[in-house]
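1. Sequence and predicted structure below; questions after.
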Amino acid sequence: MKNKTVKLMQGNEACVEGALAAGMRFYAGYPITPSTEIAEISAAKLPRIGGKFIQMEDEIASMGAVIGASLTGLKSMTATSGPGFSLKQENIGYAAMAEIPCVIADVQRGGPSTGLPTSPAQGDVMQAKWGTHGDHPMIALSPSSVKETYEVTIKAFNLAEKYRTPVIILMDEVIAHMREKIEIPDKDELEIINRTKPENNFENYNPYEVKEGELVPPMASFGEGYKFHITGLVHDKTGFPTNKSDVAEDLINRLVKKVEKNTEDIVEYEEYFLEDADIAILAYGGTARAVKSAIDMAREENMKVGMFRPITIWPSPEEQIRKLAEKVRKIIVIEMNLGQYYLEVDRIANKLTEVHKYGRVNGELITPDEIISYIKEV
Amino acid sequence: MPSQLINNYFRTNSLPHIWCPGCGNGIVTRSIVEAIDNLNLDRDKVCIVSGIGCSSRASGYLDFNTLHTTHGRALTFATGIKMAKPGLEVIVITGDGDCSAIGGNHLIHASRRNINITTIVYNNNIYGMTGGQYSPTTPKGDKGTTAPYGSIDTDFDLCNLTAGAGATYVGRATVFNPKLIVKLIENGIKNKGFSFIEAVTTCPTYYGRKNKKGSAVDMMRYLKDNSINIETAKKLEDNKLKDKIIVGELYKNIRPEYTDEYNKIVDSF
């Protein structure tokens, strides 16, 4: 048994630790509450290991810099909150279209607009999926503890590299600023995925050619001898733009399907007291902690309540939610918004069961007591 | 027969280009590869980043590491590349609307950082790709499709803007004098810091037609007749310089370069 490193840290710090463990070597960001510590800690740690940190002039610029750095081969990330997340959307779409691996931590706060800068919220759930225009793949993960933030951040980098796509870590102010004990695993216990590289085929390299058996096209870096072109325009396998409708159709479908078809690989979730439950609460992120306490209390009152907690928010755990809907009498979706993920759950449940929503947008946490009251009410 | 420069440095299978007859963009693009050729740069280490607009399509035609980004954001992607891999020679191709309207913030901050990137703006005084709307460099009073009664905006002097913001090499030349463009780009690339070259180009299709500037040849003649070299300009009275295009090396300075400064921090550990 090896000695584990045990530390007390906040979620934002765990995010940086996870990122560094995953191999993050470039960070570009812009100060915004409540994500700023992710930038501050990255600024302190990255140069010590030969990595790069840059504070850009705005949110848009930091997303651009992250993509540029990733194209040179460095694992890159940025962090932000609602207003900044809105600004980054254009270049998040670029990363999705041009298939540039990168990670974006969005520490959610009250919105819309500048909203409630220091209060928790979960109002960016739909923005994470649909914030940028056009049809595109999206992966978003939502941790529920400091420890899980560390793990989810590593997973975010792994998925970004594996699927060549931007990955969102959908945090909230509760998880970001809460301090908890976390056990840092040994490096050799971690699974780290790096992007697939082309095999020195300098003359015939097509940056977007997917060969038989490949999940995504192998990715060269700038400066290695492959003189390829990258654009946000619709492009064929050579990387050059085209207006051909069949190429556009194939490209967008390939991008969306590389995630959609691999939902099983990407999806992660937790089930809590669901075996005999006839009411299931679906919650994620910080809210799931209150739900867990509520379920412990409800169980003492012999109420058959359990929780389904998606860790992967996008793509949604569709199959698991459908099975849940077949099994339980009611699903209650509890989230710090007015029912965003509820829409997804209600769609998947497709009238197999009753789906209720309980939400809040005033910056206050949802408490276990009121969850119990609401369960009794429905 | 195309020149050897075209055969050597252009992706000839991506030609013909999308630019209109009489457009000056081809002259600027050829000047860039001529400068690269004169400096004998390792083309595998050259990275050309562009934004959105007519000029920014140039990246697709050039056989280097090339990146066609989002509108106004070329410098942000370029900054990420240069910061991540300072060994790459990063050149940004942009237009007047791209770099000074939607990308204006990035332009002044790249200048301020003095990061070793050479930016070449193809200034045609108009948004060409979208069909002739007035840009931040459309001269006050001139027309665009969104300024049908003449622009009331004061236009930018992009060279003064970047010099004021901290760029360490700033120059301007017109497509009438490509030799000067080549020289400025060469010196810009050699400068260890942020270099800004304004290539004044012609858009007979939109700017020219909207403002009754005549044919492409007339517009070229206008550039010839109205350009004054900075050394000559220094000796002239201000009233002689009104509406003239001041060309040449306009500003030079030596300041610490951004990635060098960052690497000092990395090396201190």
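-> Arrived safely, thanks for sending.

2. residues from the stretch 151-300 of chain A in reach of chain B?
-> Residues of the stretch 151-300 of chain A lying close to chain B (C-beta under 8 Å from any C-beta of the partner chain) are A:222-233, A:240-241. No exception for glycine: its C-beta is placed from N, CA and C like everyone else's.

3. Please see if the biggest strand by length in chain A touches chain B.
-> In chain A, with assignment by DSSP state E, the single longest strand is strand A:102-110. No: figure legend: strand A:102-110 not in contact with chain B (C-beta under 8 Å from any C-beta); closest approach 10.0 Å.

4. in its sheet, what does the next helix or strand after that strand sit against?
-> As assigned by DSSP states H and E, the chain's next helix or strand after strand A:102-110 is strand A:116-120. Strand A:116-120 has its sheet partners listed here by DSSP bridges as strand A:102-110 (antiparallel).

5. what about the helices in chain A?
-> Here chain A has its helices, by DSSP state H, at A:11-22, A:36-45, A:59-71, A:82-98, A:125-130, A:146-163, A:173-177, A:245-260, A:263-266, A:287-300, A:318-327, A:340-349, A:368-377.

6. Among those, show me which one is buried the most.
-> helix A:59-71 (a mean of 30; mean count of other C-beta atoms under 10 Å in any protein chain shown).

7. and that helix, anywhere near chain B?
-> Yes: Helix A:59-71 comes into contact with chain B (C-beta under 8 Å from any C-beta), by way of A:Ile60, A:Ala61, A:Ser62, A:Met63, A:Gly64, A:Ala65, A:Val66, A:Ile67, A:Gly68, A:Ala69, A:Ser70, A:Leu71.

8. Next, the contact list for the first one, please.
-> Looking back up the chat, that one is A:Ile60. Each residue near A:Ile60 by C-beta atoms under 8 Å, 6 or more residues apart in numbering or on different chains is listed here: A:Leu87, A:Lys88, A:Glu90, A:Asn91, B:Arg73, B:Thr76.

9. Now the last one: closest residue in space, sequence neighbours ignored.
-> Beyond its immediate neighbours in the sequence, the residue positioned closest to B:Thr76 (C-beta to C-beta, 6 or more residues apart in numbering or on different chains) is A:Gly64, lying 2.9 Å away.

10. before we move on, what about the fifth one?
-> If the residues on either side of it in the chain are set aside, B:Arg73 comes closest to A:Gly64, at 4.5 Å by C-beta to C-beta, 6+ apart.

11. Tell me the one of the contacts of A:Ile60 nearest A:Asn302?
-> Lowest distance from A:Asn302 to those (C-beta to C-beta) belongs to A:Lys88, with 47.6 Å.

12. separation between the closest residue to the closest one other than its chain neighbours and A:Ser221?
-> Using C-beta to C-beta, 6+ apart and skipping residues adjacent in sequence, the residue nearest A:Lys88 is A:Met63, 4.2 Å away. Relative to A:Ser221, A:Met63 is positioned 19 Å away (C-beta to C-beta, to the nearest Å).

13. how about the residues of the stretch 51-200 of chain B that lie near chain A?
-> Close to chain A, as judged by C-beta under 8 Å from any C-beta, the stretch 51-200 of chain B has residues B:59-60, B:63-70, B:73, B:75-85, B:87-88, B:105-106, B:108-109.

14. Please verify my assumption that A:Thr196 contacts A:Pro218.
-> Yes: using C-beta atoms under 8 Å, A:Thr196 makes contact with A:Pro218 at a distance of 4.6 Å.

15. Of the two, which one has the most company?
-> A:Pro218 (18 against 15; other C-beta atoms under 10 Å in any protein chain shown).

16. correct me, but that one touches A:Asn200?
-> No: A:Pro218 lies out of contact with A:Asn200 (C-beta under 8 Å); the separation is 10.9 Å.

17. Tell me how many other residues crowd B:Asp37.
-> 16.

18. go on, the one 10 residues further on?
-> For B:Cys47, the tally of surrounding residues (other C-beta under 10 Å) stands at 27.

19. Quickly list what it is bridged to.
-> B:Asn65, B:Val90.

20. Spatially nearest residue to residue 68 (excluding sequence neighbours)?
-> Went with chain A since none was named. Excluding its sequence neighbours, the residue lying closest to A:Gly68 (C-beta to C-beta, 6+ apart) is B:Gly80, at 2.7 Å.

21. meant chain B actually
-> B:His68 sits nearest to A:Thr231 (C-beta to C-beta, 6+ apart), 3.9 Å away.

22. returning to what we had before: average pLDDT across the helix or strand harbouring the residue nearest to A:Gly68?
-> Using DSSP H and E, the element containing B:Gly80 is helix B:74-84. The average pLDDT within helix B:74-84 is 98.

23. my read: the residue nearest to B:His68 touches A:Tyr94, true?
-> No: in this structure, A:Thr231 is not within contact of A:Tyr94 by C-beta under 8 Å, at 9.2 Å.
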